[in-house]
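Participant: I'd like to go over a predicted model; first the sequence, then the structure.
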Amino acid sequence: MYEALLNKEKKICVVGLGYVGLPIALEFAKKFSVVGFDINAERIEMMRNSIDPSKELESDAFEGCDIKFTHKLEEIADANFFVVAVPTPIDAYTMPDLTPLLAASKTVGKVLKKGDYVVFESTVYPGCTEEDCVPVLEKESGLKFVDDFKVGYSPERINPGDKEHTLTKILKVVSGCDDESLAVISDVYNSIITAGIHKASSIKVAEAAKIIENTQRDVNIALMNELSIIFNKLGINTYEVLEAAGTKWNFLKFTPGLVGGHCIGVDPYYLTYKAKQLGYSSKVILSGRNINDGMGASIAQEVVQHLIKNDKPLKRSKVLVMGATFKENVSDIRNSKVADVVNSLKAFMVNVHVTDSYADSVEVEHEYGYSLQQDLDKDYDAIIVTVNHDEYLKLDEDYFKSISSADALFYDVKGVFRGKISDLAYKSL
C-alpha cells in the first residue's frame, strides 16, 4: 500500500476538511495524490480557491499540492487510504455526539474496497473505532474487517492558532488493527511528520492516550480555577500566588481561565461516558468539569457584585465583553465559554455588549443568540477582557478609561494586565 501511494498508483482521501483535516490533506498532498472530501460545498469552493475556511492556513499552504477538493461521493470512489477527521462534539446534555463520525464512516463504507485502509483521527472514547465505526464500515461495504480492509487510529494533535507546534512538528501517535496495518500506517504518517512516530500497541491505547491528554489539562486547570475562587475570597491575587509557587522547580505551571473549545472542554466527557457504561462513575474528572463549566457564571457574579456595591442599577448598567472566540488569535467560536459569561450577565438584566475582531458576528448570533458590537460606547460600567487577542494586549489603561463610566470595573480574566491598571477597579481570576 505505502509504495503504491508513494508512486501515486493509489490515492489518499481525507474526509472532513476542518482545522484538523485540511492541514493533513495538504501535507499528504506534497507527497501523495490526495482527494479532500467535505459535505459543505461552500467550503469546498473556498479551498479550490486556496482559502482556508478555518482561517488557520495562508494561501501559500495550497501551493505545490497534488489535491482535488470535492463534496461528491463518486469522486472519492477510487481512493484507497481514507483518513477520517470530522468533529466529535457533545450534545446539550454533555453526551458524546457521534453523528458526524458515524455519517463519515457510512460515507467511506459506501466506497470501501478490498485492500483499503481507514484511519480515524477524530477524538473518541477507547473502543469507539472498533465498536462503533467498524460495524458501519462493514455494513455499508459488505466487507469483513481485517480480512478485507484494515483500520487504524491516529489521534489529531492540532492546536488552533499555534504557529510553532504545527502538524509536522508534533510527534504522531499511530495504531493499527494488526501488525501489517500498523507498519503501513506508520510509514504513511512518517513520510510527513518530521517530529517522529510513536507506535501504540493497539487502537484502544491510542484512543485512550488522546482522551487523557486533554483530560489531564482540564483537571489541572480546574484546580487553578478552584484556587482562584478561594484566593479571591481571601483578597489575594491568584497570579501572584502562582508566580511565587512557580519558583519551585517541580511546580506545574497551569493557570485559571475559561475552558472552552472543541478539545479540553469536550474530550473528558467522552471518557466519563465510557466509564459509566462500564459501571464506574468518574469523580475527579467530572468534578473538574463541573468547576470549569461554572467559571463563566462565577465571573459574571463578581461583576454584578461590583455593580451593586457601587450603587449601579443592574438594568441600567452596561458591560463590555472583549473577546468572543474560544481562545486568543483565532476565529473559532465553537464551545466558547465567553457565552456563559454573557448569558449569566444577561440573567441579571445587565446590558451586555460583546466585541471581537476575529469572530464573525453572523456566526456568533446564529450560535449564541447575540451579535457583536462594532462601535463601542463611552460609558461601560465594567469591561471584561475574556480573550487575550494580541490587539487587546497593545491597549493601555487610558484607552479603557476612555470607554468607562465612573467607578468602572476592569476584569482581566487571564491576569495579563496585572500591574498595568491603577485607576480603574481591578479584578482577575
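Facilitator: Happy to help now that I have it.
Participant: hey, let's count contacts and neighbours off CA atoms from now on
Facilitator: Noted.
Participant: Can you show me the strands along the chain?
Facilitator: 12-15, 34-37, 67-70, 81-84, 117-120, 150-153, 172-176, 197-199, 318-322, 351-355, 380-385, 404-412, 425-428 (DSSP state E).
Participant: Out of the ones you listed, flag the one nearest residue 369.
Facilitator: Taking CA to CA, strand 351-355 is the member of these nearest to residue 369, at 11.7 Å.
Participant: show me the contacts for the residue nearest the centre of the chain.
Facilitator: Closest residue to the average C-alpha location of the chain: residue 262 at 3.2 Å, with CA atoms, centre = their mean. Applying CA atoms under 8 Å, 6 or more residues apart in numbering, one finds that residue 262 lies in contact with 89, 334-335.
Participant: Dump the strands of the chain into TSV; add mean neighbour count and mean pLDDT as well.
Facilitator: As requested, these are exported to TSV (neighbours: other CA atoms under 10 Å; pLDDT from 0 to 100):
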stretch	mean neighbour count	mean pLDDT
strand 12-15	27	98
strand 34-37	26	98
strand 67-70	22	98
strand 81-84	24	98
strand 117-120	25	98
strand 150-153	26	98
strand 172-176	26	98
strand 197-199	17	97
strand 318-322	24	98
strand 351-355	20	98
strand 380-385	25	98
strand 404-412	21	97
strand 425-428	19	96
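Participant: Looking at these, which is nearest to residue 237?
Facilitator: Closest to residue 237 of these is strand 425-428 (CA to CA; 7.5 Å).
Participant: Parallel or antiparallel, list what pairs with that closest one.
Facilitator: Using DSSP bridges, strand 425-428 pairs in its sheet with strand 404-412 (parallel).
Participant: List of residues touching the partner strand?
Facilitator: With contact meaning CA under 8 Å, 6+ apart, strand 404-412 is reached by 303, 306, 310, 378-386, 418, 424-429.
Participant: Kindly recompute the last result at 7 Å.
Facilitator: 378-385, 424-428 (CA atoms under 7 Å, 6 or more residues apart in numbering).
Participant: so which of the contacts of residue 262 is the most crowded?
Facilitator: When neighbours are taken as other CA atoms under 10 Å, the top entry among the contacts of residue 262 is residue 89 (27 neighbours).
Participant: got the contact list for it?
Facilitator: Residue 89 makes contact with 96-97, 262, 266, according to CA under 7 Å, 6+ apart.
Participant: so how far is residue 99 from it?
Facilitator: 9 Å (CA to CA, to the nearest Å).
Participant: is it true that residue 264 touches residue 220?
Facilitator: No: between residue 264 and residue 220 there is no contact under CA atoms under 7 Å: 11.0 Å.
Participant: picking up where we left off before, using PyMOL, define a selection of the buried residues within the contacts of residue 89.
Facilitator: In PyMOL, this line selects whichever of the contacts of residue 89 come out buried by 16 or more other CA atoms under 10 Å:
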select buried, resi 96+97+262+266
